[in-house]
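Enquirer: Return a 3D structure for these sequence lines:
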Amino acid sequence: MERTKPYQPLVVELIRQQAPQTLLDAPSGSGWLPEALGEGYSVDGLDLYGADPARYRRFAGQDLNAGIPDGFGAYDCIVSCEGIEHLFSPATFLQSAREHLHPGGMLIVTTPNVWYPGARLQYLLRGFFPSFPNLVGRIRPGSHMHISPWSFPQLYLILSLLGFKNIRLHPRAESAPKHLYERLLGFPQQLYCRLKRQRAVTAEEQLFWQMAGSAASVYARGLVVSAVKQG
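Expert: Below you'll find the predicted structure:
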């Protein structure tokens with residue numbers, strides 16, 4: 001049995017809270033989502049590598065750099081778990097996700113977080129984030145490469161530019177720092193965000209800096225972010 005990933009229970013909880021009638025899983029990966037949700041959910045799937053996993057209502061192979069195919073229609077919820085870090089055109093995919101959502105529909109995105117102290121320390125020493133190595137000699141289109149690193153502020157920026165609203169960062173179970181040095185390195189970052197929040201003019205700015213300075217943004221190895229398409 002495949003080991004449960006830290007983001008999976010939270011993604012399932014967010015979906016159940018929204019109770020969508022239609023749901024797209026892109027990329028579908030191992031096909032874990034329909035199994036985790038159980039009966040009562042209509043789930044379609046897209047993936048470049050998958051071979052029609054079980055329990056999807058509809059499935060197609062698709063390079064998500066080109067976005068979601070027009071023939072897949074509109075959904076109440078689109079889930080993209082551990083996908084956008086593999087794309088060289090992530091904004092194209094995220095824009096197509098917005099176009100394929102009903103008004104009021106929710107996008108849920110998970111991706112590795114390069115803001116946690118261990119990642120930033122490795123970047124300082126090597127110039128590359130963990131799991132985002134130098135791929136010279138192994139650059140092959142369509143292969144499983146991590147090429148687009150993300151932090152919460154960067155993802156918030158892109159989603160905002162694409163017209164999403166109600167962008168929220170959701171804390172995973174393992175958001176706390178794992179080592180003392182991480183707490184020490186992360187504290188100045190949290191202090192900076194706290195000061196920016198105190199000086200914020202609008203409620204939106206205050207909420208952004210609150211989320212940016214949270215443990216889920218500063219210490220977690222991965223991000224779980226939701227956003228809404230308003231009508």
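Enquirer: quick one: contacts of the host helix or strand of residue 15?
Expert: Assigned by DSSP states H and E, residue 15 falls within helix 8-18. Under the criterion Cβ atoms under 8 Å, 6 or more residues apart in numbering, residues 23, 32-33, 36-37, 41, 76-77, 79, 81, 106, 108, 110, 170, 172-173, 224, 226 lie in contact with helix 8-18. Every C-beta, even on glycine, is put in place using the N, C-alpha and C of the backbone.
Enquirer: Next, please give the residue ranges for the strands of this protein.
Expert: Assigned strands in the chain, in chain order: 22-25, 42-46, 58-60, 75-81, 101-112, 165-169, 222-228 (criterion: DSSP state E).
Enquirer: picking that back up, now list the buried members of the contacts of helix 8-18.
Expert: Buried members of these, counted by 16 or more other Cβ atoms under 10 Å: 23, 32-33, 37, 41, 76-77, 79, 81, 106, 108, 110, 170, 172, 224, 226.
Enquirer: Least confident of those?
Expert: Sorting these by confidence puts residue 172 at the bottom, with a pLDDT of 86.
Enquirer: Residue 78 against residue 105, yeah?
Expert: Yes: using Cβ atoms under 8 Å, residue 78 makes contact with residue 105 at a distance of 7.2 Å.
Enquirer: Looking at these two, which one has more neighbours?
Expert: Here residue 78 and residue 105 are compared on neighbour count by other Cβ atoms under 10 Å; more neighbours surround residue 78, at 28 against 24.
Enquirer: where does the protein dip in pLDDT?
Expert: 1-2, 50-52, 142-144 (pLDDT under 70).
Enquirer: Send me the lengthiest helix in the chain as PDB with only the CA atoms.
Expert: Ordering each helix of the chain by length in residues (DSSP state H) puts helix 180-199 first. The C-alpha coordinates for helix 180-199 follow below in PDB (Å, rounded to 0.1, in the frame of the first residue of the first chain):
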ATOM      1  CA  LEU A 180      16.500  23.800  16.600                       C
ATOM      2  CA  TYR A 181      18.600  25.500  13.900                       C
ATOM      3  CA  GLU A 182      15.400  25.800  11.800                       C
ATOM      4  CA  ARG A 183      13.600  27.600  14.500                       C
ATOM      5  CA  LEU A 184      16.600  30.000  14.900                       C
ATOM      6  CA  LEU A 185      16.900  30.600  11.200                       C
ATOM      7  CA  GLY A 186      13.100  31.000  10.700                       C
ATOM      8  CA  PHE A 187      12.600  33.400  13.600                       C
ATOM      9  CA  PRO A 188      13.900  36.600  11.800                       C
ATOM     10  CA  GLN A 189      11.700  35.700   8.800                       C
ATOM     11  CA  GLN A 190       8.700  35.400  11.100                       C
ATOM     12  CA  LEU A 191       9.600  38.700  12.900                       C
ATOM     13  CA  TYR A 192       9.800  40.500   9.500                       C
ATOM     14  CA  CYS A 193       6.400  39.200   8.500                       C
ATOM     15  CA  ARG A 194       5.000  40.200  11.900                       C
ATOM     16  CA  LEU A 195       6.300  43.800  11.500                       C
ATOM     17  CA  LYS A 196       4.900  44.000   8.000                       C
ATOM     18  CA  ARG A 197       1.600  42.800   9.200                       C
ATOM     19  CA  GLN A 198       1.500  45.500  11.900                       C
ATOM     20  CA  ARG A 199       2.200  48.200   9.300                       C
END
